[in-house]
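# Would you be able to build a 3D model of this:
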Amino acid sequence: MKKIYIIVLIASVLLASCKKDVTPVTTIDPDLDKKEARDALYSLMNEWYYWYKQLPVVTLSDYKDPYELMNALRYKPLDRWSFVADYNEFIASMQGTFVGHGIRIGLDPAGKARIVMIYKNSPLYSKGVRRGWIIKTLNGTDLAPIIAAGNATAYNELIGPAQAGVSNTFVFQIPDGRDSTLTTVKKSFTVNSVLLYDTLHLESVITGHLVFDEFIEPSTQELKDAFAFFKENNVTDLILDLRYNSGGILDVATDLASYIAGTAKFSTPFVSSSYNDKKAAYDSTYNFKNIDYPLDLTRLVVITTRETASASEVIINGLRPHLTVTTIGDTTNGKPTGMNVWRDNNYKYVFAPITFKLVNSAGEGDFFAGFPPAKYVTDDITHDFTDRNEFCFKEAINYLETGSFLTKGTYIFHRSVQYSEKPEWMNNAFLVDRQTFNK
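So this is what the prediction gives:
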């Protein structure tokens with residue numbers, strides 16, 4: 001491998017500074033690419049990793065590829081996120097390309113498997129499947145015991161690989177109580193990161209409601225459409241549902257924050273990044289943008305779960321010095337860090353080590369324990385996002401109307417066990433040169 005190129009970056013100058021020359025080798029070794037990538041990752045980690053001083057002493061030959069090496073190098077006390085991924089899969093994910101059924105499955109408090117979330121371009125969505133539908137069996141097998149046991153291996157074997165053409169047969173119990181057998185085939189499609197947006201007429205104000213799934217490249221236009229609708233409808237408050245949003249592109253997060261904070265905050269600091277002492281020259285401040293359809297909100301309610309991570313937590317932390325932000329649901333994931341991403345010269349791998357921490361304009365960060373909610377509320381997967389009986393949505397509405405939380409009809413907090421088709425490494429905040437994804 002001759003060079004490593006940075007593909008996700010804080011400024012264009014970083015591209016030139018991160019090229020690393022490696023002596024080319026001529027060999028017929030089929031594992032050459034893996035070994036070169038492994039060695040390049042080691043050099044990268046020693047230079048750019050936020051916790052490079054805590055890197056263990058390793059013998060590179062003990063690791064067959066960069067995946068194994070990254071697992072060995074990761075600073076386990078704090079770093080749950082640094083990763084190596086397939087280059088094509090990473091780029092496709094950032095561009096919103098998805099292969100699968102496009103569903104998230106979870107277990108409700110009664111022990112029933114249910115659809116937790118579904119993309120509009122999912123092959124099952126066109127068949128009428130929605131959040132809250134009960135899954136009685138998958139390919140003749142009861143899913144509930146597998147999910148209850150946390151048996152990811154059995155689940156993955158049953159639902160099959162993320163490949164177009166893989167067929168599965170579901171037996172659903174539909175809302176009217178009847179059974180419905182649907183056979184569907186996994187396919188490649190573009191996801192909708194904005195799952196829905198609408199308005200609510202609460203008391204004397206109009207409140208926006210946005211369910212947002214991930215910060216990816218298509219989100220730019222989707223968010224613009226949503227906030228154009230909010231602006232047209234004179235929205236003065238917002239319920240922002242980030243319960244399954246595990247992160248993504250930091251620039252898109254800045255867009256969302258700018259829509260919410262509005263013109264009054266234009267050019268003022270949103271968040272700032274700090275690198276390790278070798279790379280302090282790349283420390284930067286990200287300001288709120290001058291953006292179309294700003295709302296200039298003074299209060300925001302955010303629905304969260306343990307899946308709410310990274311770029312989503314940046315929204316919460318970055319907006320708190322500027323407006324009243326109240327969270328409802330569960331404690332967030334706890335990722336106050338972000339990453340630059342490099343690829344190897346053969347376009348086989350991307351390397352994504354933690355390279356910086358993020359703080360808000362008040363200097364607040366280091367929320368590795370996550371943000372606890374103002375009130376713990378169960379993610380009610382038995383109801384759709386717009387159903388006013390859904391626990392989190394109901395609580396958010398009551399808070400906006402009364403300024404307090406519900407006391408009657410108290411329920412036991414329950415954390416749902418869930419499986420998603422999204423890769424685990426999406427749980428991050430990436431610095432992205434957008435033109436990289438538009439070539």
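# Am I right that P373 falls within a helix?
No. Judged by DSSP: H, G, I helix; E, B strand; the rest coil, P373 forms no part of a helix; its state is coil.
# Spit out the contact partners of it.
Going by Cβ atoms under 8 Å, 6 or more residues apart in numbering, P373 touches T304, T327, I328, G329, D330, T331. C-beta here means a position set from N, CA and C on the backbone, and glycine is covered the same way.
# Hmm, F215 and A253 touching each other?
Yes. At 5.4 Å, A253 and F215 qualify as touching, with contact defined as Cβ atoms under 8 Å.
# Those two: which is more packed in?
F215 (33 against 28; other Cβ atoms under 10 Å).
# which residue packs closest to that one, ignoring adjacent ones?
G248 (3.0 Å; Cβ to Cβ, 6 or more residues apart in numbering).
# Generate a PyMOL selection restricted to the buried entries among the contacts of P373.
Selection of buried members from the contacts of P373 for PyMOL, criterion 16 or more other Cβ atoms under 10 Å:
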select buried, resi 304+327+328+329+330+331
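# now, which of the contacts of P373 sits nearest G318?
T327 (13.6 Å; Cβ to Cβ).
# Check which helix or strand the closest one maps to.
strand 324-329 (DSSP states H and E).
# what's the spacing between the helix or strand that comes right after that strand and its chain's center?
Per DSSP H and E, the first helix or strand lying C-terminal to strand 324-329 is strand 337-339. Chain-centre distance of strand 337-339: 13 Å, with Cα atoms, centre = their mean, to the nearest Å.
# Show me what strand 337-339 packs onto, helices and strands only.
strand 354-360, strand 429-430 (3 or more Cβ pairs under 8 Å, 6 or more residues apart in numbering; DSSP states H and E).
# just checking, A110 is part of a helix?
No. A110 is assigned coil when assessed by three-state DSSP, not a helix.
# Just give the number of residues close to it.
10.
# now do S193
Other residues lying near S193 total 23 when counted by other Cβ under 10 Å.
# was I right about it contacting S219?
Yes. Between S193 and S219 a contact is recorded at 4.4 Å, counting by Cβ under 8 Å.
# Give the residues shared as contacts by the two.
With Cβ under 8 Å, 6+ apart as the test, S193 and S219 both reach F212.
# Now do the same for the most centrally placed residue in the chain: helix, strand or coil?
The centroid of the chain falls nearest to S246 when counting by Cα atoms, centre = their mean (2.2 Å). Following three-state DSSP, the label given to S246 is coil.
# I'd like the distance between it and N398.
Separation of S246 from N398 (Cβ to Cβ, to the nearest Å): 27 Å.
# what do you get for L124?
For L124, the distance to N398 - Cβ to Cβ - is 32 Å.
# which residue packs closest to L44, ignoring adjacent ones?
F351 (5.8 Å).
# and that neighbour, what element?
Using DSSP H and E, F351 falls in strand 349-352.
# What strands line up against that strand, and which way round?
Strand pairing for strand 349-352, using DSSP bridges, gives strand 83-86 (antiparallel), strand 341-344 (antiparallel).
# could you give the mean pLDDT of the helix or strand following the first one?
It refers to strand 83-86. Toward the C-terminal end, the helix or strand that comes next after strand 83-86 (DSSP H and E) is helix 87-94. Average pLDDT, helix 87-94: 91.
# Would you mind identifying the next helix or strand past helix 87-94?
strand 97-100.
# How far away from the center of its chain is that following strand?
Offset of strand 97-100 from its chain centre (Cα atoms, centre = their mean): 15 Å.
# Pull up the pairing partners for it, direction included.
strand 187-190 (antiparallel).
# Residues in contact with the strand it pairs with: which ones?
95-99, 102, 119, 121-123, 164-165, 218.
# follow-up on the earlier one: which of the strands paired with strand 349-352 sits closest to N389?
For these, the distance to N389 is smallest for strand 83-86, at 38.5 Å, taking Cβ to Cβ.
# So which bits of the closest one are buried?
Buried-residue list, strand 83-86, by 16+ other Cβ under 10 Å: F83, V84, A85.
# where in the stretch 301-439 of the chain is pLDDT low?
Where the stretch 301-439 of the chain drops to pLDDT under 70, the residues are 408-411, 423-430, 432-439.
# follow-up on the earlier one: more crowded one of L124 and N398?
Legend: neighbour count by other Cβ under 10 Å for L124 and N398, higher for L124 (20 against 17).
# Return the residues in contact with the closest residue to the more buried one other than its chain neighbours.
Spatial nearest neighbour of L124, chain neighbours left out: T184 (5.4 Å); criterion: Cβ to Cβ, 6+ apart. Listed by Cβ under 8 Å, 6+ apart, the contact partners of T184 are H101, P123, L124, K127, S167, N168, T169, F170.
# partner residues bridging T184?
Under the criterion used (DSSP bridges), T184 bridges to N168.
# list the contacts for the closest residue to D344 other than its chain neighbours?
Distances taken as Cβ to Cβ, 6+ apart put A37 closest to D344, at 4.7 Å, once the chain neighbours are dropped. Neighbour list for A37: M1, D65, P66, D344, N346, K348, Y349, F351 [criterion: Cβ under 8 Å, 6+ apart].
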